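[1] here are the coordinates; sequence isn't available:
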């Protein structure tokens, strides 16, 4: 996995659009992102998070694997990597939005959560602000798990 730099953001946006994930705010300094590339340098997976202002909570973002590389354990490795990184940055709990991947996240210890609690806890993050402003928050499913457990 390699950390996303300014020169990677456009390629990451294209990758995430194809995965039908949020692309707004990827270039913000408050969003930590990583990608995995194939032997030709194309992005085949991504992961990242935003921390709350107090750094106690992480909002996972941009966790995606290209269709050709799914069912190989890459998504699980990415998610675990991201959870470790967030914990190393001081997060005590992880949150995310996912309408389609609930069973995947449940296998990693996440439980369905209140989207209003997520929005309150992570109000300073770009994705929560965007979803609140656009009304997207009302159609999202929130998930949560403690870290370090």
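    Thanks, I have the structure now. The structure displayed is predicted, hence computed values, not measured ones.
[2] residues contacting the one residue sitting closest to the centre of the chain?
    Geometric centre of the chain, nearest residue: residue 61, 1.7 Å, by Cα atoms, centre = their mean. Residue 61 makes contact with 21, 22, 31, 33, 48, 49, 50, 96, 127, according to Cβ atoms under 8 Å, 6 or more residues apart in numbering. Using the backbone N, CA and C atoms, a C-beta is placed for each residue, glycine as well.
[3] Using TSV, lay out those residues together with pLDDT, distance to residue 68 and neighbour count.
    Output for the contacts of residue 61, formatted as TSV (pLDDT from 0 to 100; distance: Cβ to Cβ, whole Å; neighbours: other Cβ atoms under 10 Å):
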residue	pLDDT	distance to residue 68	neighbour count
21	90	17	16
22	89	22	17
31	94	26	21
33	97	21	23
48	96	21	24
49	97	25	27
50	96	28	23
96	96	24	24
127	94	27	23
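[4] Kindly indicate which of those lies nearest residue 6.
    residue 33 (11.1 Å; Cβ to Cβ).
[5] Report the next helix or strand after the helix or strand harbouring the closest one in sequence order.
    Assessed by DSSP states H and E, residue 33 sits inside strand 31-37. Next in sequence after strand 31-37, counting helices and strands by DSSP H and E, comes strand 43-51.
[6] Note down every partner strand of that next one and its orientation.
    When pairs are called by DSSP bridges, strand 43-51 turns out to pair with strand 31-37 (antiparallel), strand 57-65 (antiparallel).
[7] Return the distance of the longest one from the chain's centre.
    For strand 57-65, the distance from its own C-alpha centre to the chain's C-alpha centre is 1 Å (Cα atoms, centre = their mean, to the nearest Å).
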